[in-house]
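In: can't give you the sequence, but here's the structure:
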């Protein structure tokens, strides 16, 4: 240790302590980062004739915790075990799968992310999760805020659930409100929603029981279970099946009429609000305009033919006179020749297009 190089001063230092029995004075030569013992173990390669004393290794300062660490190894040849600073409840593996096992209990808010996340345990707090695939089949005594490519909630959530996903499947129990922003969302028959539902989605399949109101903003919606409150929908296509039982009003905005099964029960009645464009194109003015456009087309065709006839009579009077004389002299032959030209000319043109 008398020949240890002071890397800061570039010269030897003296009397740093040669044995473990001496009192080592904490004056680190270099501020080692986290896991700095890897650098200390390499000193034997620089000074092969000397070994690092145990007293030096026993008093290495962990600058992240600002206190000495113990039992990192006695010699330069020791193998050191890395200890995590924070214990994790989840169990990530090398493939990016994070699992909270069914026996685990988290008495705090739970933050997790990974390629695949499985939450099967109990969380006494809120859950914040982000992943490619998210599976929640445990018990969450709080809120759930999740974002991912595919999210499946089959467990029990006591409070609100908010999802942003490509595809979401709900088959568990949600104590309060459900809010979804998805491409496709499916609420299965076993799902129970204790509050309101707000869904913004491309396709919505609502088969769950809902204790309060439903607000839908979707291209296609199918409702086939009990909804205790009102249903408000801004949709492209709306279908109410025979299993549907709506305790309030069904009010929807769409360019098309909803497909409502005769067996469906809607206590508050149905109110359809067509869009402005639907009213405009289905109104009397547009219908009259369509009829007028057909008459205008006939008038324009007559006008075009009349103008073309005047031009032919003005600039080609001799040919027009000979054509009229031929029609009067040989009406049958002229009729056959005209029919042949009508049917034969398109066939000849098509053959030329195909062969050339």
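Out: Good, I have the coordinates. The shown structure was predicted, so the numbers you read here are calculated from the model rather than taken from an experiment.
In: C-alpha from now on. contacts and neighbour counts both.
Out: Noted.
In: Buried residues in stretch 127-137, which are they?
Out: 127, 128, 129, 130, 131, 132, 133, 134, 135, 136, 137 (16 or more other Cα atoms under 10 Å).
In: Kindly reformat those as TSV containing pLDDT and secondary structure.
Out: Converted to TSV, the buried residues of stretch 127-137 look like this (pLDDT from 0 to 100; DSSP: H, G, I helix; E, B strand; the rest coil):
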residue	pLDDT	secondary structure
127	96	strand
128	97	strand
129	96	strand
130	94	strand
131	94	strand
132	94	strand
133	95	strand
134	96	strand
135	97	strand
136	97	strand
137	95	coil
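In: could you redo the residues you listed as CSV and give each row distance to residue 340?
Out: Shown next, in CSV, are the buried residues of stretch 127-137 (distance: Cα to Cα, whole Å):
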residue, distance to residue 340
127, 81
128, 79
129, 77
130, 74
131, 72
132, 69
133, 69
134, 72
135, 73
136, 76
137, 77
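In: So which of the residues you listed is the closest to residue 144?
Out: Nearest to residue 144, judged by Cα to Cα, of the buried residues of stretch 127-137 is residue 127 at 4.8 Å.
In: list the contacts for that closest one?
Out: Contact analysis of residue 127 by Cα atoms under 8 Å, 6 or more residues apart in numbering lists 109, 110, 111, 140, 142, 143, 144, 145, 146.
In: just the buried members of the residues you listed?
Out: For these, buried by 16+ other Cα under 10 Å: 110, 140, 142, 143, 144, 145, 146.
In: Show only the entries of the residues you listed found in helices.
Out: In helices, judged by DSSP state H, none of the buried ones among the contacts of residue 127 are found.
In: With distance to residue 340 and pLDDT added, can I get these in TSV?
Out: Supplementary listing: the buried ones among the contacts of residue 127 in TSV, determined by distance: Cα to Cα, whole Å; pLDDT from 0 to 100:
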residue	distance to residue 340	pLDDT
110	84	96
140	83	97
142	84	96
143	80	97
144	78	97
145	76	97
146	73	97
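In: which one of those residues is nearest residue 119?
Out: For those, the nearest to residue 119 is residue 140 (9.3 Å; Cα to Cα).
In: just checking, that closest one touches residue 123?
Out: Yes: at 5.0 Å, residue 140 counts as touching residue 123 under the criterion of Cα atoms under 8 Å.
In: Tell me the helix or strand right after the longest helix anywhere in the chain.
Out: For the chain, the helix with the greatest residue count under DSSP H is helix 284-315. Using DSSP states H and E, the helix or strand that follows helix 284-315 in sequence is helix 317-329.
In: tell me the average confidence for that next one?
Out: Across helix 317-329, pLDDT averages out at 83.
In: now the angle from that helix to helix 284-315?
Out: Following axes from the mean of the first three to the mean of the last three Cα atoms, to 10 degrees, one obtains 100 degrees for the angle between helix 317-329 and helix 284-315.
In: Name the surrounding residues that touch helix 317-329.
Out: 312, 313, 334.
In: Quick one, which of those residues are buried?
Out: Members of the contacts of helix 317-329 classed as buried by 16+ other Cα under 10 Å: none.
In: will you turn those residues into a markdown table that also has distance to residue 180?
Out: Shown next, in a markdown table, are the contacts of helix 317-329 (distance: Cα to Cα, whole Å):
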| residue | distance to residue 180 |
| --- | --- |
| 312 | 70 |
| 313 | 73 |
| 334 | 74 |
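In: What score does the nearest residue to residue 260 once chain neighbours are set aside have for pLDDT?
Out: Leaving out its chain neighbours, the residue that sits closest to residue 260 by Cα to Cα, 6 or more residues apart in numbering is residue 240, at 4.7 Å. At residue 240, the pLDDT value in this model is 96.
In: ditto for residue 73
Out: 40.
In: that older thread, tell me what the longest helix of the chain is packed against?
Out: Packing contacts for helix 284-315, counted by 3 or more Cα pairs under 8 Å, 6 or more residues apart in numbering; DSSP states H and E, involve no helix or strand.
In: List the buried residues of that helix.
Out: For helix 284-315, it's none, nothing buried (16+ other Cα under 10 Å).
In: ok so, going back, residue contacts, the residue nearest to residue 260?
Out: Counting by Cα under 8 Å, 6+ apart, residue 240 has contacts 222, 223, 224, 258, 259, 260, 261, 264.
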